[in-house]
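J.: below is the sequence, then the predicted model.
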Amino acid sequence: MLRTSLLIMAVFALSGCFHSAIGMTPSTKPLEQGGYEELGPAKGTDCLWLFLGAIPISTGNTLQGATKEAIRDRKGADALIQVTADSFFQHYIIVARSCTQVEGIAVRSK
């Protein structure tokens, strides 16, 4: 029983999560008032995977990558308005991922 409890505590100690706000912006490109059509909410994430929490095994974790994915999330969109960006880090004993997440309202210029 003690071994099982210690193993469970070790697993929790070696894993975790961190979430942080990056910023906000009114839009991803200059837009004139009434010069666009709202398409709905959009969300994009770009992640970097790490082995043992330090050795990169992928590319990613850029604001540009997350923004592009959010725009692709809505067919026909070419920009976002009411944009927020966050970052988060998740550690799973052997691998970890560091991500940037962008949310906003997808729009199409007229």
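T.: Yes, it's here. Numbers count the residues shown, from 1 in each chain.

J.: which residue ranges form the strands in the chain?
T.: Secondary structure of the chain (DSSP state E): strands located at 15-27, 36-51, 55-56, 79-92, 95-109.

J.: pick the most deeply packed of those strands.
T.: Counting by mean count of other C-beta atoms under 10 Å, strand 95-109 has the highest mean neighbour count of these, with a mean of 20. Any C-beta I mention is one placed from the backbone N, CA and C, and that applies to glycine too.

J.: tell me how far it is from the chain's mean position?
T.: Mean-position distance between strand 95-109 and its chain equals 5 Å (C-alpha atoms, centre = their mean, to the nearest Å).

J.: which helices and strands does it pack with?
T.: In terms of contacts (3 or more C-beta pairs under 8 Å, 6 or more residues apart in numbering; DSSP states H and E), strand 95-109 is packed against strand 36-51, helix 63-73, strand 79-92.

J.: export these to CSV and tack on mean pLDDT?
T.: What follows is the helices and strands packed on strand 95-109, written out as CSV (pLDDT from 0 to 100):
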stretch, mean pLDDT
strand 36-51, 96
helix 63-73, 96
strand 79-92, 94
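
J.: looking at these, which is closest to residue 3?
T.: Nearest of the helices and strands packed on strand 95-109 to residue 3, taken as C-beta to C-beta: strand 79-92 at 21.9 Å.

J.: strand partners of that closest one, parallel vs antiparallel please.
T.: Counting by DSSP bridges, the strands paired with strand 79-92 are strand 15-27 (antiparallel), strand 95-109 (antiparallel).

J.: distance of residue 51 from residue 92?
T.: Residue 51 sits 11 Å away from residue 92, going by C-beta to C-beta, to the nearest Å.

J.: same deal with residue 2?
T.: 25 Å.

J.: in CSV: the strands paired with strand 79-92, plus distance to residue 80.
T.: Listed next are the strands paired with strand 79-92 as CSV, based on distance: least, C-beta to C-beta, whole Å:
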stretch, distance to residue 80
strand 15-27, 7
strand 95-109, 4
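
J.: now mean pLDDT and distance to residue 74 too, for these, in TSV please.
T.: As requested, those are exported to TSV (pLDDT from 0 to 100; distance: least, C-beta to C-beta, whole Å):
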stretch	mean pLDDT	distance to residue 74
strand 15-27	80	14
strand 95-109	95	4
